[in-house]
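Undergrad: Need a 3D model of the sequence below.
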Amino acid sequence: MLDFTWVWAGPYATMLLAMLGAEVIKVEGPRALDLGRRAIVWPLGEPEPLDIPINQGMAFNAINMSKLGVTIDLRKPQGVDLVKRLVSISDVVMDNVRAGAMERLGLGYEALREVNPGIIVLSSTGRGSQGPERDYAGYATIHCAIGGSAHITGYPDQPPSTTTGDVDLMNATAAAYAIVAALYHRQQTGEGQFIDYSQCEGVTSLTGEVLLDYEMNGRSPDRKGNTDELVAPHAVYQCWGVDRWVALTVETDEEFEALARVIGRPDLAVDPRFADATSRKRNEAELDCLISEWTRPRDREQVVEVLCQAGLAAAPSRNAWDLFRDPHLRERGAFVEVDHPELGRREFVGAPWRMSDYEPLVRHAPLFGEHNDYVFRELLGLSELDLAELRRHQVIE
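TA: Residues are numbered from 1 along each chain as shown. Reported below is the predicted structural model:
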């Protein structure tokens, strides 16, 4: 598989495929590095690094594991020819550059299909390769806004809220799934295909109930924070300490009786304000205050334990520190350790699945141009003279 992706929304997709066993070759140019290589997520001592070494950007290393890496200058005709030779022995090509960019390089789907009729090409762009807005660019915050998720995210008295990395990773996961489906289709039919993936539409696909509400009822839901349409209490409540919260949902009268006992207020179960679901929803703000009075001076983990022992749906709202020390995730092997030639041994988030008869491939993200010799010499069969000529013309490093 040839990987022309960068930043987040593409590299995570190809990393998932690499962990499934695909030989993924990440293609970068001497003047077209993956921006993640320079991302300021820094594991070493300097508090404000001004110049991150090319192989040490932690964002890059986190989502490019298990890949090979080559350098090819796509601005040169010899570089385009070299890519086409790689396409001839590849199954899949993926990019997440602006719509039309690969075509302008002479590497669009039609050109690649001439080289390899069975090739599968996925292009993950902001708004797809067709349509009046095909040329619009954007990152995750833009996709949230255009895709409709920002409008329903946030509190009623606040503006729409956008998210970033989670949207990119969601789109990447969907793209990886589409590629696996296309490979299955080719296995059955022998046909390759072009997959036109719109990241904005990927966001829209997560808002199904909102679209259905409008289609069926003519309603366009607004932001409602952590509340539910019908159920109360349904929120996160602050606990003792700095930014420590617990999520709690109560759906039935029996569950509310249990909650009332736990917080030492059994009288609330017969209080007319909270006697049934409709009353609790109508008096939700007052109910939230009463629950917060109980949770605020208490330790979060103890609150969760007591609530769960009472049969209630409660969970801690975890931050990164909580996740990295979580014994359940540790036992499941959620974090993998890789030995990086420049950074030493580092832990990263691994594949989000476990298979009974397959261990995901995990190795450090490629150094810049690390696998040029293997890919060009062993896979393509180029001679030393060929490689020297390509280097002389600065096509490869």
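Undergrad: Which elements pack onto whichever helix in the chain runs longest?
TA: Using DSSP state H to assign secondary structure, the helix with the most residues in the chain is helix 165-189. Based on contacts counted as 3 or more C-beta pairs under 8 Å, 6 or more residues apart in numbering; DSSP states H and E, the elements that helix 165-189 packs against are helix 11-19, strand 92-95, strand 120-125, helix 140-147, strand 193-198, helix 199-204. Glycine gets a C-beta too; all of them are placed from N, C-alpha and C.
Undergrad: pLDDT score for the residue nearest the centre of the chain?
TA: Among the residues of the chain, the one closest to the centroid is residue 169, at 1.2 Å (C-alpha atoms, centre = their mean). The predicted local confidence for residue 169 comes out at a pLDDT of 94.
Undergrad: How is this structure divided into domains?
TA: When the chain is parsed into structural domains using automatic domain parsing, the resulting residue ranges are 2-206+332-392, 234-238+244-318.
Undergrad: I'd like to know which of those is closest to residue 212.
TA: When the domains of the chain are ranked by distance to residue 212, counting by C-beta to C-beta, first place goes to domain 2-206+332-392 at 12.5 Å.
Undergrad: Endpoint to endpoint, that closest one covers what distance?
TA: When the termini of domain 2-206+332-392 are compared using C-alpha to C-alpha, to the nearest Å, they are 24 Å apart.
Undergrad: and if you look at stretch 124-144?
TA: With C-alpha to C-alpha applied, stretch 124-144 spans 15 Å between its terminal residues.
Undergrad: now do stretch 370-379
TA: By C-alpha to C-alpha, the extent of stretch 370-379 from end to end equals 15 Å.
Undergrad: can you pull the buried residues of it?
TA: Applying a neighbour-count criterion of 16 or more other C-beta atoms under 10 Å, one finds 370, 371, 372, 375, 376, 379 buried in stretch 370-379.
Undergrad: From what I see, the fifth one and residue 70 are in contact.
TA: Yes: between residue 376 and residue 70 there is a contact under C-beta atoms under 8 Å: 7.2 Å.
Undergrad: still on that earlier bit, which of the helices and strands packed on helix 165-189 sits closest to residue 350?
TA: helix 11-19 (7.6 Å).
Undergrad: What is the closest one packed up against?
TA: Under the contact criterion of 3+ C-beta pairs under 8 Å, 6+ apart, the helices and strands touching helix 11-19 comprise helix 58-63, strand 92-95, helix 165-189.
Undergrad: which of those is buried the deepest?
TA: Across these, averaging neighbours per residue (mean count of other C-beta atoms under 10 Å) puts strand 92-95 on top, at a mean of 24.
Undergrad: what touches both of residue 376 and residue 70?
TA: residue 396 (C-beta atoms under 8 Å, 6 or more residues apart in numbering).
Undergrad: residues in contact with the residue nearest to the centre of the chain?
TA: With C-beta under 8 Å, 6+ apart as the criterion, the residues that contact residue 169 are 8, 9, 12.
Undergrad: The second one: neighbour count?
TA: Read that as residue 9. The local packing of residue 9 (other C-beta atoms under 10 Å) involves 28 other residues.
Undergrad: Need the pLDDT of it.
TA: 92.
Undergrad: This protein: strands as residue ranges?
TA: Along the chain, counting by DSSP state E, strands occupy 2-4, 25-28, 68-71, 92-95, 120-125, 193-198, 234-238, 245-249, 313-317, 335-340, 344-349.
Undergrad: would you turn the helices and strands packed on helix 11-19 into TSV with distance to residue 35?
TA: What follows is those, written out as TSV (distance: least, C-beta to C-beta, whole Å):
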stretch	distance to residue 35
helix 58-63	8
strand 92-95	14
helix 165-189	12
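Undergrad: Show me the shaky parts of the stretch 151-300 of the chain.
TA: Within the stretch 151-300 of the chain, no range satisfies pLDDT under 70.
Undergrad: at 90 what do you get?
TA: Judged by pLDDT under 90, the stretch 151-300 of the chain has its weakly predicted residues at 162-166, 208-209, 221-222.
Undergrad: In space, what's closest to residue 119 - neighbours in sequence excluded?
TA: On the basis of C-beta to C-beta, 6 or more residues apart in numbering, the spatially nearest residue to residue 119 that is not a chain neighbour turns out to be residue 192, at 4.8 Å.
Undergrad: And for that neighbour, the neighbour number?
TA: Burial of residue 192, expressed as a neighbour count using other C-beta under 10 Å, amounts to 21.
Undergrad: same check, this time on residue 281
TA: When neighbours are counted by other C-beta under 10 Å, residue 281 registers 18.
Undergrad: Go ahead and confirm it touches residue 233.
TA: No: using C-beta under 8 Å, residue 281 is not in contact with residue 233, being 9.6 Å away.
Undergrad: rewinding a little: can you list the contacts of residue 169 in TSV and add distance to residue 148?
TA: Output for the contacts of residue 169, formatted as TSV (distance: C-beta to C-beta, whole Å):
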residue	distance to residue 148
8	20
9	18
12	22
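Undergrad: Out of these, which is nearest to residue 51?
TA: Nearest to residue 51 among the contacts of residue 169, with distances taken as C-beta to C-beta, is residue 8, at 22.1 Å.
Undergrad: Is it correct that the closest one is in contact with residue 165?
TA: Yes: Residue 8 is in contact with residue 165 according to C-beta under 8 Å; the separation is 6.0 Å.
Undergrad: Next, show the common contact partners of the two.
TA: A shared contact of residue 8 and residue 165, defined by C-beta under 8 Å, 6+ apart, is any residue touching both; here these are residue 140.
Undergrad: do you know which of the helices and strands packed on helix 165-189 lies nearest residue 347?
TA: That would be helix 11-19 among the helices and strands packed on helix 165-189, by C-beta to C-beta, at 15.6 Å.
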